[in-house]
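Visitor: predicted model follows, preceded by the sequence.
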Amino acid sequence: MKNQKKLNPKSFLFLFITLFSTSLISLKTLKKVNIQDIRIFGSTLFSPNDVENNSTLKFPIRLIFIKTNLLEEELKQNLSLKNISVSRQLLPFGLNVYVETRTPIAYAERILNEEKILGFVDEDGIFINKQNADEKFLKKLNVEVFGWQEKFKKILSEILIAEKNNEFELEKITFSQNGFLTVEEKDLKTIFLGFNLNLINYQLQIISNLKNELKKNNFSEKIDNIDLTDPNKPKIKVFKP
């Protein structure tokens, strides 16, 4: 009779631990996540209830059924977040939500379903709902944006960055319903930029040049408005009492 191999006690212990751990993990992933199992990091603006109210998730829900990628997309869009990461956790059990908020640099107003919504925009031209903005940044805001639409966010970003990097001081940026763009500058007053948004960089450079000339020459006439719809033929109208 051939000798039977004996199972090494260490191998048996390792096998037992592996099977036990696998079973435990399987049971944990089937456990239901409740609101109190959500932990938010990176901001005190949001609560676990915001996660449910701004996503398609309905709690309680089994951990294994939570689609983290979909949840990230929904929360990033609905909470005006710059970045977000959601991870499922076994120990401690639940969801970890890491958020990076956007920094508002201008007041903003948009119309949605014929309702006026007040909020802010950041350097990327992204609209931030009022309840999703950190109040510590709001005291420094000097620019107002009217008529915000998703399709204008890129052009708006270019304007805000140019204003930040140059010496002119914008006070108001307005997109009309048909897309006509007007800005107001502290000294240059109303500036018509028009419909052709592809000209914006050229137009912003002209605004910067005009502002510099105004400072150098101590221009005494009070400017009423400037028409830059054709930036190659700028028209300056002065106020006549």
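Guide: Cool, the structure landed.

Visitor: what ranges do the helices span in this structure?
Guide: 9-30, 48-53, 68-78, 153-165, 200-217 (DSSP state H).

Visitor: now do the fourth one and helix 200-217, the angle between them.
Guide: The directions of helix 153-165 and helix 200-217 differ by 20 degrees, with axes from the mean of the first three to the mean of the last three Cα atoms, to 10 degrees as the criterion.

Visitor: please renumber so the chain begins at 45
Guide: OK, 45 is where the count begins now, so the last one is helix 197-209.

Visitor: list the buried residues in stretch 164-180.
Guide: By neighbour count with 16 or more other Cβ atoms under 10 Å, stretch 164-180 contains the buried residues 164, 165, 166, 169, 170, 171, 172, 176, 177. Quick note: C-beta positions are derived from backbone N, CA and C, even for glycine.

Visitor: hang on, the fourth one packs against residue 200?
Guide: Yes: under the criterion of Cβ atoms under 8 Å, residue 169 makes contact with residue 200 at 3.7 Å.

Visitor: near the residue nearest to residue 175 when sequence neighbours are not counted, how many other residues are there?
Guide: Among residues not flanking residue 175 along the chain, residue 89 sits closest, at 7.9 Å (Cβ to Cβ, 6 or more residues apart in numbering). Look at residue 89: counted by other Cβ atoms under 10 Å, it has 16 neighbours.

Visitor: report the contact partners of residue 89.
Guide: 145, 175, 176, 178 (Cβ atoms under 8 Å, 6 or more residues apart in numbering).

Visitor: ramachandran angles for it?
Guide: phi -70, psi -30 (degrees, to the nearest 10).

Visitor: how about the strands in the protein?
Guide: Along the chain, the segments classed as strands by DSSP state E run 76-77, 82-85, 105-106, 125-133, 138-145, 150-156, 159-165, 171-173, 188-192, 214-219, 225-229, 233-238, 267-271, 279-282.

Visitor: low-confidence ranges in the protein?
Guide: Low-confidence segments of the chain (pLDDT under 70): 45-74, 262-265, 284-285.

Visitor: could you chop it up by domain?
Guide: 77-145, 150-282 (automatic domain parsing).

Visitor: to residue 115, which of the strands of the chain lies closest?
Guide: Closest approach to residue 115 among the strands of the chain (Cβ to Cβ): strand 125-133, 5.1 Å.

Visitor: give the other helices and strands that that closest one contacts.
Guide: Using 3 or more Cβ pairs under 8 Å, 6 or more residues apart in numbering; DSSP states H and E as the contact test, the elements touching strand 125-133 are helix 112-122, strand 138-145.

Visitor: got the buried residues for it?
Guide: Buried residues in strand 125-133 (16+ other Cβ under 10 Å): 125, 128, 130.

Visitor: closest one to residue 83 out of these, please.
Guide: The closest of these, once distances to residue 83 are taken by Cβ to Cβ, is residue 130, at 10.7 Å.

Visitor: if we can go back for a sec, reformat the helices and strands packed on strand 125-133 as CSV; add mean neighbour count and distance to residue 216.
Guide: Shown next, in CSV, are the helices and strands packed on strand 125-133 (neighbours: other Cβ atoms under 10 Å; distance: least, Cβ to Cβ, whole Å):
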stretch, mean neighbour count, distance to residue 216
helix 112-122, 15, 27
strand 138-145, 19, 25
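
Visitor: okay, those in CSV with distance to residue 235 next?
Guide: Conversion of these to CSV gives the following (distance: least, Cβ to Cβ, whole Å):
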stretch, distance to residue 235
helix 112-122, 33
strand 138-145, 32
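
Visitor: quote the end-to-end distance of stretch 178-198.
Guide: Stretch 178-198 has an end-to-end distance of 23 Å (Cα to Cα, to the nearest Å).
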